[in-house]
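Colleague: Below are the sequence and a predicted model for it; my questions follow.
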Amino acid sequence: MRRFILTVTIGVLVVTATNLSALEIGAHATFGNLDFARDRDSSALTLPGDTCLWGLGLFGSQWISDELRIDVGFDSDPILRNIGSALLTYRNRFFSIRFGPFFGLINAPRTLVQSGLSTTVELFVPGVVVLGLRSDTSLGSRLLVPGDYIQERSELSFGFYVPNAIPVLYARTKRYTWKTAAGEAIDSQTAYGLRADIFEKNIPYRVVLDFAYQDTSRIFQEADASTHRYGSLVFGTKASIDLLETLTLLLDLESSIYTFGLDALLGSTSADRYLFRLRAGASYRFGR
């Protein structure tokens, strides 16, 4: 399996390098305080907000035919940590499938690269509904020494078409499990939400509105086992603005409407602070 992933990755990079006319590249920076600090331990009993996490993202996308696209990227996720990917997408009128390797990168001193497999399937009834299913998981599931980890992500979505918008109901989970000196720890997040992709022809901007409930936790499976967990009602606004035919600005802001503690954090609230995640960047297309 590792040889297969390496072969696919090399093939994706070679194809991308041979034709720049349909290539789009981009970068973004992330900043926010709506997630636990990476070094949080079991003695901390406060909600997030005191520590800001930041990250960077890079991506490249290229259509190599009317139905085939390649996506290569790197991203820093608050739950899943650093992830690189090289994915191939086939899309026609009735369905699309995206698959390929993803890699945990420099998330632990002992494990600089952790390989995994990503698969996304979408089914369409053109102009009516769309159904999506995504599954990402690390290959290998044994945590032997401190620093070993497993990354997992899944999403189920159902969308329908209305004039100038596509409302989508979704359920998404993220899970990062790692070996500690005292046992294991798990960062996880489950989100249930409704997002609306709003668009109109010949308008140089696009907006996505997102309202969700997010259940986030860090579980310490150690001698003094405990679960630090909180729920958040979150409203998100994502906008992309075409400044030129080849340049697009990207802005994505998630704001907590209300955050409250659960389990070991029961009784804590975020009434006295603003919790958010912000992503800003740009993309450039080499061809029109």
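Modeller: Sure, I can see it.

Colleague: Assign residue 24 to helix, strand or coil.
Modeller: Classification of residue 24 by DSSP: H, G, I helix; E, B strand; the rest coil places it in strand.

Colleague: What's opposite it in the beta bridge?
Modeller: residue 61, residue 285 (DSSP bridges).

Colleague: so who does it touch?
Modeller: Going by Cβ atoms under 8 Å, 6 or more residues apart in numbering, residue 24 touches 60, 61, 62, 283, 284, 285, 286. Any C-beta I mention is one placed from the backbone N, CA and C, and that applies to glycine too.

Colleague: Those, buried ones only, as a PyMOL selection?
Modeller: Restricted to buried positions by 16 or more other Cβ atoms under 10 Å, the PyMOL selection for the contacts of residue 24 reads:
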select buried, resi 60+61+62+283+285
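
Colleague: Tabulate the contacts of residue 24 (JSON lines), appending pLDDT and distance to residue 255.
Modeller: Formatted as JSON lines, the contacts of residue 24 follow (pLDDT from 0 to 100; distance: Cβ to Cβ, whole Å):
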{"residue": "60", "pLDDT": "96", "distance to residue 255": "30"}
{"residue": "61", "pLDDT": "94", "distance to residue 255": "28"}
{"residue": "62", "pLDDT": "93", "distance to residue 255": "34"}
{"residue": "283", "pLDDT": "96", "distance to residue 255": "24"}
{"residue": "284", "pLDDT": "95", "distance to residue 255": "28"}
{"residue": "285", "pLDDT": "92", "distance to residue 255": "30"}
{"residue": "286", "pLDDT": "88", "distance to residue 255": "35"}
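
Colleague: Save the contacts of residue 24 as CSV, and put in distance to residue 214 too.
Modeller: Shown next, in CSV, are the contacts of residue 24 (distance: Cβ to Cβ, whole Å):
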residue, distance to residue 214
60, 29
61, 27
62, 33
283, 27
284, 32
285, 33
286, 37
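
Colleague: how many other residues sit next to residue 39?
Modeller: If you count neighbours by other Cβ atoms under 10 Å, residue 39 ends up with 7.

Colleague: which regions of the protein lie under the pLDDT threshold?
Modeller: 1-21, 141, 287-288 (pLDDT under 70).

Colleague: on that earlier part again, with the contacts of residue 24 in mind, which one is nearest to residue 73?
Modeller: residue 60 (6.9 Å; Cβ to Cβ).
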